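J.: fold the stuff below for me.
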Amino acid sequence: MSNLTIGLSGLIVAQRALDIVATNIANANTEGYHRQVPVINPVSSGSHSSPSVGGAEITEVRRTMDGLLESEILRNQPLQGQFTQELTTLQSIESSLGQLGSQGLITALTQFFGDMRELAAQPQSSAQLQQTVWSAQSLAEQFHNHGSFLTETANSLKTGAQDVVSQVNQLTGRIADLNEQILAKVSRGGSANLLADQRDQLVRELSEIIPIQTNSLAEAGSRDIMAWGAPLVIGTHATELTLCMDSSEKLGVSMKNSAIIETNVSGGRLGALIDLRNNVIAQLSGQLDALATQVITSVNSLHVQGVGSSGAFEELTGGSVGSGVLSDSIPQVQAGSFWVRVTDTATGEVSRYEIAVDPAKDTMADIAGRLDAVGPITAFIADSRLKIKADDGYTFDFRPGVEAQPTSTSLTGTAAPTISGNYSGSENTTYTFTIQGTGQAGVTPGLELEVRDSGGELVNTFSIGSGYAAGQRLAVADGVYVALSLGTLTDGQQFTVEALAQSDSTGFLAAAGINTLFGGNSALTMSVSAEVLSDPTRLAVSASSGGGDNLNALAMAGMEDLKQASLGQLTPGEHLQFFISSVGQRVALAKSRQESSSQIIQQLENQRDGVSGVDVNEEAANLMMLERFFQACSKVISSQDQTIKYLMDMM
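T.: Numbers count the residues shown, from 1 in each chain. Model (predicted):
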């Protein structure tokens, strides 16, 4: 190898090295670029006499990178993407709940129960009656607004997930294309560094969206991509990801043309969106619905048993009901009985009828048939609604408590019992009164009245013989009183009194929408009965058989302070506070996780920049060194040329 050839090889090396330095400087701020370094090796002259003489060549251009560091960045990227997406969405939820008025929901709940208490204090006030109905409507609207917002958020998360899936498919398609270009370039003996940088940057962008597993970072081959155990990129082929809904309406991902839907995914923006939609929003909606359902159910269970100032009913129409068995209804119906009172408006005589309910077997039509069998009323299903109508001259209602006359009697004497008071017990019971002795009430010595409950337990024994004043009220138990008029009584004869704490222990009336205050069974569907809105006198304030009392209003107001098993043994207000604070706690946790992940990623980025980043000052120094190197090689060629010229001249 001549000096001319040696110098020329140096010039070529210097030129290529200058090109690499220029490429480094030009890409100093290019995201994902790895600084390139030429590998220069000597080239032997091939002469046996001078084995140490030869030129130079660039045998390889390497990307400066730390494979373990790059892999660690890819491992942390999905967490960063997940936490960032969670924080963004939860902050949006927190902000939107504030704009909707979370405090407004608390205020509406407190206002409703407060107005119900005010109504109990002045049950005859038309103004307070109207105010309470307005409070109920405001509460229903607040629940509806929040339920609607969470539903819209779930839909927007689904749309966002669909957009992200499209991004995944675009990225995997481009990665597969770059794999093909890189393989082609390498097969022709070229360098694929810049193409590899582009591909690695796409892989990194993909890792923010979904958690991936990939093979070596070497630029000479293709990069295969796996996600959640499924292949997305194999060599030059990319498989599309699709967004699906499973049979339980959960969002999930699937490979195109695959029947397998994976809903339990995590990691990356896509995993965060799916988890937020399937779990977080579902949980928040569940908490809100649980509160709304409890308010609806607890208030309705009392409202159906009362009457408003307009009195008992001539006709009632319920809400839309299904045709299946009652066990499928919402709210759920329990086995038991409910009682309907029918009043003869001409005589004032009241008859109470027990209607048995077996939700496992009975349909709404079955119950309508049993109601229809009650003499003075007609019941039927029309337009999927239960309708109850009293015959002319009769009214009906479902008030509990006790009636003025015994439920049944075997008395044959002339003394007549009268029942009064408001039953305050917590369970329905039947009091059985038995005459002890024969004689005249208030006259015969030793004449007694024995009282036992449904279980046969002795409740009380009263002296009704000598010394008893006819018509004197005797306190039986739990607010129930009995009085006997003058007249004869016979030993062993009995009469019974049905004392009802609630006239519907099954929840059937509320499920059928008969005389309810609220409609719906969730926050989104909650509403106030159209009948009550149009006629506030239908608000069931009274519960006693005589009417005109405030017992039902007091009972409905008392639901505010009652801890409910369905709310985790919290009162409605406590549960609502928990719901609102839980969103704030989620935001705080997401922010902490996002900040921690960002710090880790930043530290890894700094380390990566120290290895793979371009230092312009360092490259400028390399540029000056290569410039002198180029000049020196040029001098070698020039000197060789000058020497040859002298030799030629001498010849």
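
J.: shouldn't residue 23 be in contact with residue 37?
T.: No: in this structure residue 23 lies outside contact range of residue 37 using C-beta atoms under 8 Å: 11.2 Å. Placement of C-beta: from N, CA and C, glycine included.

J.: the domain parsing of the chain - what is it?
T.: 3-64+617-650, 408-499 (automatic domain parsing).

J.: in JSON lines: those domains, plus mean pLDDT, mean neighbour count and distance to residue 178.
T.: Rendered in JSON lines, the data for those read as follows (pLDDT from 0 to 100; neighbours: other C-beta atoms under 10 Å; distance: least, C-beta to C-beta, whole Å):
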{"stretch": "domain 3-64+617-650", "mean pLDDT": "81", "mean neighbour count": "15", "distance to residue 178": "12"}
{"stretch": "domain 408-499", "mean pLDDT": "93", "mean neighbour count": "17", "distance to residue 178": "75"}
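
J.: possible to save these as TSV with distance to residue 177?
T.: Supplementary listing: the domains of the chain in TSV, determined by distance: least, C-beta to C-beta, whole Å:
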stretch	distance to residue 177
domain 3-64+617-650	17
domain 408-499	74
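
J.: which one, of those domains, ends up nearest to residue 337?
T.: When the domains of the chain are compared for distance to residue 337 using C-beta to C-beta, the nearest one is domain 408-499, at 8.8 Å.

J.: quote the end-to-end distance of the closest one.
T.: Taking C-alpha to C-alpha, to the nearest Å as the measure, domain 408-499 stretches 13 Å from start to finish.

J.: contacts for the helix or strand harbouring residue 207, please.
T.: With elements taken from DSSP states H and E, the one containing residue 207 is helix 193-209. Applying C-beta atoms under 8 Å, 6 or more residues apart in numbering, the external contacts of helix 193-209 come out as 23, 30-34, 36, 61, 63, 70, 73-74, 77-78, 80-81, 164, 167-168, 171-172, 174-175, 178-179, 181-182, 185, 212, 214, 217, 219, 223, 225, 268-270.

J.: and the residues you listed, which are buried?
T.: Among these, those scoring as buried are 23, 32-34, 36, 61, 63, 70, 73-74, 77-78, 80-81, 164, 167-168, 171-172, 174-175, 178-179, 182, 185, 212, 214, 217, 219, 223, 225, 268-270 (criterion: 16 or more other C-beta atoms under 10 Å).

J.: wait, residue 15 sits on residue 633?
T.: No: using C-beta under 8 Å, residue 15 and residue 633 do not qualify as a contacting pair, with a distance of 9.6 Å.

J.: give me the low-pLDDT residue ranges for the protein?
T.: Low-confidence segments of the chain (pLDDT under 70): 1-3, 45-52, 97-103, 216-220, 546, 641, 651.

J.: could you dump the host helix or strand of residue 434 to PDB, C-alpha only?
T.: When elements are defined using DSSP H and E, residue 434 is found to belong to strand 429-436. Included here for strand 429-436 are C-alpha records, laid out as PDB according to Å, rounded to 0.1, in the frame of the first residue of the first chain:
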ATOM      1  CA  THR A 429     -98.200  -7.800  66.300                       C
ATOM      2  CA  THR A 430    -101.700  -9.000  67.200                       C
ATOM      3  CA  TYR A 431    -103.000  -8.300  70.700                       C
ATOM      4  CA  THR A 432    -105.500 -10.900  72.000                       C
ATOM      5  CA  PHE A 433    -107.800  -9.600  74.800                       C
ATOM      6  CA  THR A 434    -109.400 -12.300  77.000                       C
ATOM      7  CA  ILE A 435    -112.200 -11.700  79.500                       C
ATOM      8  CA  GLN A 436    -111.500 -13.200  82.900                       C
END
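
J.: apart from its neighbours in sequence, what residue is nearest residue 330?
T.: Spatially, and ignoring its direct neighbours in sequence, residue 330 is nearest to residue 521 (4.6 Å; C-beta to C-beta, 6 or more residues apart in numbering).

J.: quick one: the one you found is in a helix?
T.: No: under DSSP: H, G, I helix; E, B strand; the rest coil, residue 521 sits outside any helix and is assigned coil.

J.: correct me if wrong: it contacts residue 321.
T.: No: no contact is recorded between residue 521 and residue 321 when judged using C-beta under 8 Å, the distance being 11.9 Å.

J.: now do the SS call for residue 157.
T.: The local conformation at residue 157, judged by three-state DSSP, is helix.

J.: number of residues surrounding the closest residue to it other than its chain neighbours?
T.: If you skip the residues right next to it in sequence, residue 157 has residue 277 as its closest partner in space, 4.0 Å away by C-beta to C-beta, 6+ apart. Counted with other C-beta atoms under 10 Å, the neighbours of residue 277 add up to 22.

J.: thought residue 277 was touching residue 159?
T.: No: in this structure, residue 277 is not within contact of residue 159 by C-beta under 8 Å, at 10.1 Å.

J.: now do the same end-to-end measure for stretch 61-71.
T.: Between the opening and closing residues of stretch 61-71 there is a gap of 22 Å (C-alpha to C-alpha).

J.: what comes into contact with that stretch?
T.: By C-beta under 8 Å, 6+ apart, the residues outside stretch 61-71 that reach it are 20, 34-39, 191, 193, 196-197, 200, 216-217, 219, 604, 607-608, 611-612.

J.: just the ones of the residues you listed in strands?
T.: Applying DSSP state E to the contacts of stretch 61-71, the entries found in strands are 36-39.

J.: please identify which of the residues you listed is nearest to residue 128.
T.: Proximity of the ones in strands among the contacts of stretch 61-71 to residue 128 (C-beta to C-beta) peaks at residue 36, which lies at 83.0 Å.
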